[in-house]
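S.K.: sequence-free structure coming up:
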């Protein structure tokens, strides 16, 4: 990678940094670009926020729960197994 | 030690387990399957329950394995991603010289329970709209928290392929959130 990555390349680095350890050169390139580019700095912050939101709470009471027919079906299977 | 009462599982934990599964599987039917398989497996394994964890935590642990099983089984039916999948869509986000085509808008900062709940709803809707393989990789990584190596093994893809899919998924998720009004000015 060139000494200064483009925005597109920077988003690749920022994304990969959440999944793996970047090489020294890539870490420097990422940091350099983020320091001078508001859009990419925002992207970097937002993908981290997204991860935080997703992992913060695995379930939310306002989401729909089990449908009645599915509940009935599962109940039947459980009873079958409990009875056997 | 806490006693397990299988007769109460569905009533007390059914909705909770379904919601956890629904977020990761992006399908009502698969999430229902996951709940059923979890409760049946729990029934067989109930002798091994030590009472160290609450019944809900114990059931959720079993559910996590079932979710990964289901994603793995589903992955066999889905065509493997080709490198160019989604590339045109990424091209639209950037100019030819690699700069952003549009400036990124800042997100609102949700605080109240209603704002957070709205955010989670939009996040889930956006994740549902990702292409199947991308959605699986994204969920395994960002919701289930699996390491990239485990995901590669589960889905039989290379680490590079995995990073490409995650990069595209994050670009689309971010854009989807912005299009759905989750920005500072228009935050719900």
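M.R.: Cool, got the structure. Everything numeric in this text was worked out from a predicted model, so none of it was measured.

S.K.: which intervals of chain A have sub-threshold pLDDT?
M.R.: Applying pLDDT under 70 to chain A picks out residues A:1-2, A:56-60, A:84.

S.K.: neighbours of the closest residue to residue B:158 other than its chain neighbours, how many?
M.R.: For residue B:158, ignoring the flanking residues on the chain, the nearest one in space by CB to CB, 6 or more residues apart in numbering or on different chains is residue B:152 at 6.5 Å. For every residue, glycine as well, the C-beta is placed using N, CA and C. Neighbourhood size, residue B:152 [other CB atoms under 10 Å in any protein chain shown]: 18.

S.K.: how much space between residue B:152 and residue A:4?
M.R.: 30 Å (CB to CB, to the nearest Å).

S.K.: looking at chain A, which residue is nearest chain B?
M.R.: Nearest residue of chain A to chain B: residue A:6, at 2.7 Å (CB to the nearest CB).

S.K.: what does the host helix or strand of residue A:71 contact?
M.R.: Element membership of residue A:71, judged by DSSP states H and E, is helix A:68-83. If you take CB atoms under 8 Å, 6 or more residues apart in numbering or on different chains as the criterion, helix A:68-83 is touched by A:66, B:6-7, B:9-10, B:14, B:18, B:28, B:32, B:35-36, B:39-40, B:43-44.

S.K.: related to what we said a few turns ago, name the nearest residue to the residue of chain A closest to chain B, ignoring sequence neighbours.
M.R.: Nearest to residue A:6 is residue B:98, by CB to CB, 6+ apart, at 2.7 Å.

S.K.: also residue A:29?
M.R.: residue A:5 (5.0 Å).

S.K.: for that neighbour, helix, strand, or coil?
M.R.: coil (DSSP: H, G, I helix; E, B strand; the rest coil).

S.K.: what's it in contact with, if anything?
M.R.: Residue A:5 makes contact with A:13, A:29-30, A:33, according to CB under 8 Å, 6+ apart.

S.K.: can you pull the phi/psi pair for it?
M.R.: Note on residue A:5: backbone dihedrals following degrees, to the nearest 10 are phi -70, psi 160.

S.K.: pull up the distance across stretch B:123-135, start to finish.
M.R.: Using CA to CA, to the nearest Å, the end-to-end distance of stretch B:123-135 comes to 12 Å.

S.K.: how about the residue nearest to residue A:6, secondary structure?
M.R.: Secondary structure of residue B:98, reduced to three states by three-state DSSP: coil.

S.K.: what number of residues lie near it?
M.R.: Residue B:98: 13 surrounding residues under other CB under 10 Å.

S.K.: quick check, the residue in chain B closest to chain A?
M.R.: residue B:98 (2.7 Å).

S.K.: that residue and residue B:62, how far apart?
M.R.: 46 Å.

S.K.: same thing with residue B:12?
M.R.: Residue B:12 is 15 Å from residue B:62, by CB to CB.

S.K.: now do residue A:20
M.R.: 30 Å.

S.K.: neighbour count winner among those two?
M.R.: A side-by-side neighbour count of residue A:20 and residue B:62, using other CB under 10 Å, places residue B:62 first with 18 against 14.

S.K.: now do the SS call for that one.
M.R.: helix.

S.K.: in space, what's closest to it - neighbours in sequence excluded?
M.R.: That would be residue B:38: by CB to CB, 6+ apart, it lies 5.0 Å from residue B:62.

S.K.: am I right that residue B:182 is in a strand?
M.R.: No - going by three-state DSSP, the assignment for residue B:182 is coil, not a strand.

S.K.: correct me, but it touches residue B:116?
M.R.: No - with contact defined as CB atoms under 8 Å, residue B:182 does not count as touching residue B:116 (11.6 Å).

S.K.: more neighbours: which of these two?
M.R.: The residue with more neighbours, out of residue B:182 and residue B:116, is residue B:182; 23 against 16, by other CB under 10 Å.

S.K.: now do the contacts for residue 33.
M.R.: Let's take chain A. Contacts of residue A:33 (CB under 8 Å, 6+ apart): A:4-5, A:7, A:10, A:13, A:40.

S.K.: wrong one, I was asking about chain B
M.R.: Contacts of residue B:33 by CB under 8 Å, 6+ apart are residue B:70.
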